[in-house]
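A.B. asks: A structural model of the following input is requested.
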Amino acid sequence: MEREFVEINIDGMIGPSHHFGGLGVENKASELNRAQASNPRNAALQGLAKMELLHSYGIPQFYLPPPSRPAWGWLESLGFSGTKASVLRDCYRENLTLLSAAYSSAFMWTANAASVSCSSDTRSGRVKIKLANLNSNLHRSIEESDRLPHFKEMFKAVTGVDVLRGLCSSRPLSDEGAANLMRFCSQVGSRGVYVFVYGSERGGNSDGVRNYLQGEVTRRRQPRQTLMASALLARSLDLDPEDCFLVQQTGAAIDAGVFHNDVIATSHESLILFHEMAFHNSEASLAAIKSRFFEKTGQELESHMVASSDLSLDEAVDTYLFNSQICTDSQGGWRMFVPENCRHSEAVQAILGRLRSQFPRLCSIDYCSLAESLRNGGGPACLRLRVSLTPSQIHQIPGGMRINNSTLSKLRKLVEAEYPEKVEPSDFVNPDFAEQCERISLQIARLWHANSNVSR
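C.D. replies: Prediction:
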């Protein structure tokens, strides 16, 4: 069956200043690995290996360059001035957390960069890419201004695509991007239904979008995505309210370390895989979503709920099973890309076996070694943003931004030659390290811009 819309994956290239700053709010892995030595070279090579794997299955794979770090302009706005050496020295002495944030490579988790709607679903018939403000985290709140020009550059020659600024940066409008958004669609990629998942009711009502909540309050950890932000995203993405559902995370899930929905649920086309503790009122909300999906597509929404008796919340978070990435290959089959952690869990292995039996379209399950990313709380799905486009739109994206054998070779050689093998907090004060990070980011940016031809 020929697809009307094809889902491309856009990964963030892991930056040379990748480190374990422990900055992720309510992120269990980030907290546990704070201040340990990182290996940016391995991190970047692992990210490239995942992109190469998707490319080998004929899945359109693109990448974004790492923004330049440290973020000198941001540090200056905080009152640090003088030479670069003095800024690093003063910030290191006075507030290491700020300096860690200025060096952060968290932009690599592109699932948080934006939320996206497909042109077949919008009232204007245009793709909408809405940047996320990411204001729940000090280090990530910098990213919108970095990523906006990247997305505008990537899609400036693509007809029918609008790149939009994020919601205004205020706590009631805290938005973490597509990590909290699921789109279900027909087999040809059109006629979608959208589920916006939020953690906090703070910020007002649902603005007419159908809302399924019971108002449980978390006990230990604080949620990131707000109800008002999710409702306004549905409006910003130009969607019919009848196609949008607001679903609340459970407090138990958030307390277990589920800071984004994609740590406890994943979806692709007509499939949803989720833990039974993922959502409030899950039976009612899923029934309504299935009903609307059938109305729009004439197809059944396929679901697989993982019971707590089969996989505890703690093990779900530790293995990152639900952060697996599911894609459609060039032959129309589903491919599932699973964190390496899952290989060593008997409970997860049993679940994966049941998935293979239940869903004939699931052709393969591939394991991705992403140890460096996972130690900061980011698995395969965190590293990518999905955008559904027509084949002609895909060919309008500049070729240098697409992952192919040539691009992979150039990026891998650069990483192996230039990236540091070890980074610790004490490196931040070194002007030579800062210069190295800036130089590498500039080299990758030049590669990304180098080929202005259409993608192939």
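A.B. asks: switch to C-alpha atoms for all contacts and neighbour counts from now on
C.D. replies: Will do.
A.B. asks: next one: phi and psi at Leu246?
C.D. replies: Torsion angles at Leu246 (phi, psi; degrees, to the nearest 10) stand at phi -110, psi 120.
A.B. asks: distance of it relative to Arg235?
C.D. replies: Per C-alpha to C-alpha, to the nearest Å, Leu246 is found 12 Å from Arg235.
A.B. asks: which one of those two has more residues nearby?
C.D. replies: Per other C-alpha atoms under 10 Å, whichever of Leu246 and Arg235 has more neighbours is Leu246, with 21 against 16.
A.B. asks: the more buried one touches Ser230, doesn't it?
C.D. replies: Yes - when contacts are counted by C-alpha atoms under 8 Å, Leu246 is listed as touching Ser230 (7.3 Å).
A.B. asks: what do these two both touch?
C.D. replies: Residues touching both Leu246 and Ser230 by C-alpha atoms under 8 Å, 6 or more residues apart in numbering: 196-198.
A.B. asks: make CSV out of these and add neighbour count, pLDDT and distance to Arg171.
C.D. replies: Output for the shared contacts of Leu246 and Ser230, formatted as CSV (neighbours: other C-alpha atoms under 10 Å; pLDDT from 0 to 100; distance: C-alpha to C-alpha, whole Å):
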residue, neighbour count, pLDDT, distance to Arg171
Phe196, 27, 98, 18
Val197, 27, 97, 17
Tyr198, 30, 95, 13
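A.B. asks: tell me the one of those residues nearest Glu295?
C.D. replies: Nearest to Glu295 among the shared contacts of Leu246 and Ser230: Phe196, at 19.3 Å, using C-alpha to C-alpha.
A.B. asks: that closest one in helix, strand or coil?
C.D. replies: Counting by DSSP: H, G, I helix; E, B strand; the rest coil, the backbone at Phe196 sits in strand.
A.B. asks: same question for Gly377.
C.D. replies: coil.
A.B. asks: tell me where the stretch 101-250 of the chain has helices.
C.D. replies: For the stretch 101-250 of the chain, applying DSSP state H, counting those that start in this stretch gives helices covering 143-155, 227-236.
A.B. asks: which of those helices sits most buried?
C.D. replies: Highest mean neighbour count among those (mean count of other C-alpha atoms under 10 Å): helix 227-236, with a mean of 24.
A.B. asks: what helices or strands is that one leaning on?
C.D. replies: Secondary-structure packing of helix 227-236 (3 or more C-alpha pairs under 8 Å, 6 or more residues apart in numbering; DSSP states H and E): strand 127-131, strand 193-198, strand 244-248.
A.B. asks: out of the ones you listed, flag the one nearest Gly332.
C.D. replies: Of the helices and strands packed on helix 227-236, nearest to Gly332 by C-alpha to C-alpha is strand 193-198, at 20.5 Å.
A.B. asks: what comes into contact with that closest one?
C.D. replies: Outside of strand 193-198, the residues within contact range by C-alpha under 8 Å, 6+ apart are 180-185, 223-227, 230-231, 234, 243-249, 261, 289, 292-293.
A.B. asks: quick check: angle from it to helix 227-236?
C.D. replies: Calculated by axes from the mean of the first three to the mean of the last three C-alpha atoms, to 10 degrees, strand 193-198 forms an angle of 150 degrees with helix 227-236.
A.B. asks: strand 193-198: how far from the chain's middle?
C.D. replies: Offset of strand 193-198 from its chain centre (C-alpha atoms, centre = their mean, to the nearest Å): 15 Å.
A.B. asks: from now on call the first residue 636
C.D. replies: All right, first residue 636 from here; so that's strand 828-833.
A.B. asks: so in that sheet, which strands flank that strand, and in what orientation?
C.D. replies: When pairing is defined by DSSP bridges, strand 828-833 lines up against strand 816-819 (antiparallel), strand 879-883 (parallel).
A.B. asks: list the contacts of the shortest one.
C.D. replies: Read it as strand 816-819. Outside strand 816-819, the residues that touch it by C-alpha under 8 Å, 6+ apart are 750, 827-832, 896, 901-906, 928, 936.
A.B. asks: one more time with 7 Å
C.D. replies: Identification of contacts with strand 816-819 by C-alpha atoms under 7 Å, 6 or more residues apart in numbering yields 827-832, 902-905.
A.B. asks: now, of those residues, which are buried?
C.D. replies: For the contacts of strand 816-819, a neighbour count by 16 or more other C-alpha atoms under 10 Å gives the buried set as 827-832, 902-905.
A.B. asks: circling back to that earlier point, can you put the contacts of strand 816-819 in JSON lines and add distance to Lys685?
C.D. replies: JSON lines is the format used below for the contacts of strand 816-819 (distance: C-alpha to C-alpha, whole Å):
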{"residue": "Gly827", "distance to Lys685": "27"}
{"residue": "Val828", "distance to Lys685": "28"}
{"residue": "Tyr829", "distance to Lys685": "27"}
{"residue": "Val830", "distance to Lys685": "27"}
{"residue": "Phe831", "distance to Lys685": "27"}
{"residue": "Val832", "distance to Lys685": "26"}
{"residue": "Ser902", "distance to Lys685": "19"}
{"residue": "His903", "distance to Lys685": "18"}
{"residue": "Glu904", "distance to Lys685": "21"}
{"residue": "Ser905", "distance to Lys685": "24"}
